[in-house]
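Visitor: just to be clear, the model below is a prediction. Sequence and coordinates:
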Amino acid sequence: MCGIVGVVSNAPVNQLIYDALLLLQHRGQDAAGIVTQQERKFYMHKAKGMVRDVFRTRDMRSLPGHCGLGQVRYPTAGNAYSEEEAQPFYVNAPFGIVLVHNGNLTNADTLKAELFSADHRHINTESDSEVLLNVLAHEIEATTRGLPLQPRDVFEAVRKVHRRIKGSYAVIAMIAGHGVLAFRDPFGIRPLCLGRADGTVVLASESVALEGTSHKFERDIAPGEAVFIDLQGQLHAQQCADHPVLSPCIFEYVYLARPDSVMDGISVYQARLNLGETLAKRVISTVPPNEIDVVIPIPESSRPSAAQLAQLLGLPYREGFVKNRYVGRTFIMPGQSVRKKSVRQKLNVIASEFKGRNVLLVDDSIVRGTTSREIVQMARDAGARKVYMASAAPPVRYPNVYGIDMPTPHELVAHNRTVEQIRQLIGCDALIYQDVDGMKKAIGSLNPNIKGFDASCFDGIYVTGDITANDIARLNSNRVGGDEGAEDNSRLALPNHAD
């Protein structure tokens with residue numbers, strides 16, 4: 001998961017890109033980068049850290065031009081500790097291309113070998129984004145064959161890229177002296193949208209980056225579609241995939257995206273309200289509402305679901321945890337020990353909301369269980385009589401291979417465990433999960449045009465149709481943190497229809 005933005009304007013774009021990246025900071029806190037173009041020259045600054053720390057006044061002054069890209073990085077593959085893998089990436093031929101990418105290529109190793117042996121291109125990092133850039137550059141070069149670049153050439157190159165690469169990808173690239181190209185994988189797994197205002201065209205991962213910079217959301221980029229904006233601001237668009245089908249990542253709505261975003265026609269906030277409504281029915285069947293004194297959300301993504309659940313059950317809704325906003329999200333912290341230590345740094349209890357009460361804690365999802373176990377213990381330490389826990393998402397039982405940091409089965413608390421076994425590990429008095437069908441209906445009802453979602457971490461069905469247990473073992477060897485737990489992947493059982 002990363003956040004990307006691209007801008008073509010009739011005014012300097014450095015401040016606009018910076019502001020958009022701040023609005024996308026939740027999508028990546030490991031590194032940030034901006035590249036701009038002036039008179040066919042690229043100006044780039046990127047480094048590890050959050051946006052406010054990476055860019056100083058002197059850095060912004062060194063980013064001139066009316067066209068540019070930006071990215072905030074959350075690594076799931078490659079070397080998390082290398083500044084070389086911060087984006088954007090650059091290649092000098094053909095024309096000069098820079099690229100930002102959100103997603104994860106599942107055939108990056110095969111492509112890297114092809115690029116070296118057949119395309120004669122060198123990859124200098126472990127990042128699949130650099131692989132993607134070189135595949136795109138090769139296809140543009142093969143299409144133009146030394147002739148001037150036309151929009152039709154760009155679309156033909158993207159068509160060939162779609163046929164070569166597999167996995168999830170939302171991409172924005174800038175071609176020196178020509179314009180900005182954006183395209184989305186044929187399943188639309190990762191989000192990408194477009195907006196305009198006053199001679200400026202903006203592309204971004206979420207609509208909040210458009211609206212928060214005073215641009216009007218125009219539309220989502222369709223799965224498989226490519227959009228090319230020339231330096232005069234003229235927009236060209238074409239469908240470049242053979243068989244596109246919209247299957248967005250459902251975890252975007254559950255957790256990843258900001259609640260004030262609208263993605264593929266679905267309000268993220270309303271999606272979370274709907275999840276709370278369906279979760280309320282599950283709670284009633286497990287714990288009688290008269291045995292619950294108060295509903296308390298675990299900040300922050302769970303708040304809409306918890307509020308809706310409390311209203312439907314006629315229970316008080318209270319804030320029982322105060323979040324330290326200056327500690328990174330535990331979900332994206334490397335390593336269990338670091339994650340566990342950070343929970344109490346990140347959250348502090350309001351003891352009066354727990355003492356002597358039966359509390360229902362509501363979380364957006366339970367991935368590794370480490371955070372949940374610590375939070376349950378914090379509630380007990382604050383004096384709660386009983387601690388029930390409800391998850392607005394179903395059990396996360398399978399690895400994700402499309403760009404979310406949950407790829408190793410042994411890290412998933414729900415993998416090969418029953419709900420009762422998970423409850424015992426977490427230490428709560430009752431554990432209530434959303435069911436998969438209920439989740440899909442709750443979110444899917446908001447846009448009937450979406451016929452399905454990528455919910456692979458919940459149901460083991462990988463929408464690209466090319467993922468096996470062996471593939472997951474191979475991908476884990478490239479993940480951030482190395483191949484820890486890779487031995488478990490050989491025993492990973494996927495549903496028959498997922499293969």
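Guide: Looks like it arrived, so ask away. Numbering: from 1, shown residues only.
Visitor: from now on I want contacts and neighbour counts done on CA atoms only, so please keep to that.
Guide: Noted.
Visitor: check Ile472 and give its pLDDT.
Guide: At Ile472, the pLDDT value in this model is 84.
Visitor: hang on, Ile450 is in a helix, isn't it?
Guide: No. Ile450 is assigned coil when assessed by DSSP: H, G, I helix; E, B strand; the rest coil, not a helix.
Visitor: separation between it and Gly49?
Guide: 36 Å (C-alpha to C-alpha, to the nearest Å).
Visitor: repeat for Cys2
Guide: In terms of C-alpha to C-alpha, Cys2 sits 13 Å off from Gly49.
Visitor: do the same with Gly452
Guide: Taken as C-alpha to C-alpha, the span from Gly452 to Gly49 is 36 Å.
Visitor: now do Gly276
Guide: 34 Å.
Visitor: which one of the two is surrounded by more residues?
Guide: Neighbours were counted for Gly276 and for Gly49 using other C-alpha atoms under 10 Å; Gly276 has more, 32 against 19.
Visitor: three-state assignment of the more buried one?
Guide: helix.
Visitor: run through the residues that contact it.
Guide: 304-309, 392 (C-alpha atoms under 8 Å, 6 or more residues apart in numbering).
Visitor: so which of the residues you listed comes closest to Glu252?
Guide: Ala392 (13.1 Å; C-alpha to C-alpha).
Visitor: so what's that closest one up against?
Guide: So Ala392 contacts 254, 275-276, 279, 302, 305, 362-365, 433-434 (C-alpha under 8 Å, 6+ apart).
Visitor: let's see the PyMOL selection covering just the buried ones among these.
Guide: Buried subset of the contacts of Ala392, written as a PyMOL selection, criterion 16 or more other C-alpha atoms under 10 Å:
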select buried, resi 254+275+276+279+302+305+362+363+364+365+433+434
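Visitor: taking the contacts of Ala392 one by one, which sit in strands?
Guide: 362-363, 433 (DSSP state E).
Visitor: tell me the one of the contacts of Gly276 nearest Asp53?
Guide: Pro304 (30.7 Å).
Visitor: so where does Thr143 fall, helix or strand?
Guide: Following DSSP states H and E, one finds Thr143 within helix 128-144.
Visitor: contacting residues around that helix?
Guide: 77-78, 89-91, 93-94, 97-101, 104-105, 108, 111-112, 115, 119, 121, 123, 153-154, 156-158, 160-161, 165.
Visitor: let's see that with 7 Å instead.
Guide: 89, 93-94, 99, 101, 104-105, 108, 112, 123, 153-154, 157, 160-161 (C-alpha atoms under 7 Å, 6 or more residues apart in numbering).
Visitor: cool, and stretch 435-451?
Guide: 246, 265-266, 271, 274-275, 278, 393-394, 458.
Visitor: strands - which of those land there?
Guide: Ile266.
Visitor: just give me the closest of the contacts of stretch 435-451 to Leu16.
Guide: Gly265 (24.7 Å).
Visitor: and the closest one, how many neighbours?
Guide: 14.
Visitor: ditto for Ser445
Guide: Ser445 has 14 neighbours, counted by other C-alpha under 10 Å.
Visitor: next one, pLDDT for the nearest residue to Asn324 once chain neighbours are set aside please.
Guide: Excluding its sequence neighbours, the residue lying closest to Asn324 (C-alpha to C-alpha, 6 or more residues apart in numbering) is Lys346, at 5.0 Å. Looking at Lys346, its pLDDT is 87.
Visitor: quick one, phi/psi of Lys346?
Guide: Main-chain dihedrals, Lys346, degrees, to the nearest 10: phi -80, psi -40.
Visitor: ok, it touching Lys323?
Guide: Yes. Lys346 sits in contact with Lys323 when judged by C-alpha atoms under 7 Å, with a separation of 5.6 Å.
Visitor: mind giving me the domain ranges of the protein?
Guide: Listed domain ranges for the chain are 3-246, 268-450 (source: automatic domain parsing).
Visitor: chain center to stretch 419-433: distance?
Guide: 27 Å (C-alpha atoms, centre = their mean, to the nearest Å).
Visitor: how long is it from one end to the other?
Guide: Start-to-end, stretch 419-433 (C-alpha to C-alpha) is 8 Å.
Visitor: repeat that for stretch 405-413.
Guide: 14 Å.
Visitor: then stretch 193-208?
Guide: By C-alpha to C-alpha, one end of stretch 193-208 lies 10 Å from the other end.
Visitor: for the stretch 351-499 of the chain, which segments count as strands?
Guide: 358-363, 386-391, 430-433 (DSSP state E, counting those that start in this stretch).
Visitor: the ones you listed into CSV, with extra columns for distance to Thr464 and mean pLDDT?
Guide: As requested, the strands of the stretch 351-499 of the chain are exported to CSV (distance: least, C-alpha to C-alpha, whole Å; pLDDT from 0 to 100):
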stretch, distance to Thr464, mean pLDDT
strand 358-363, 29, 98
strand 386-391, 27, 98
strand 430-433, 27, 98
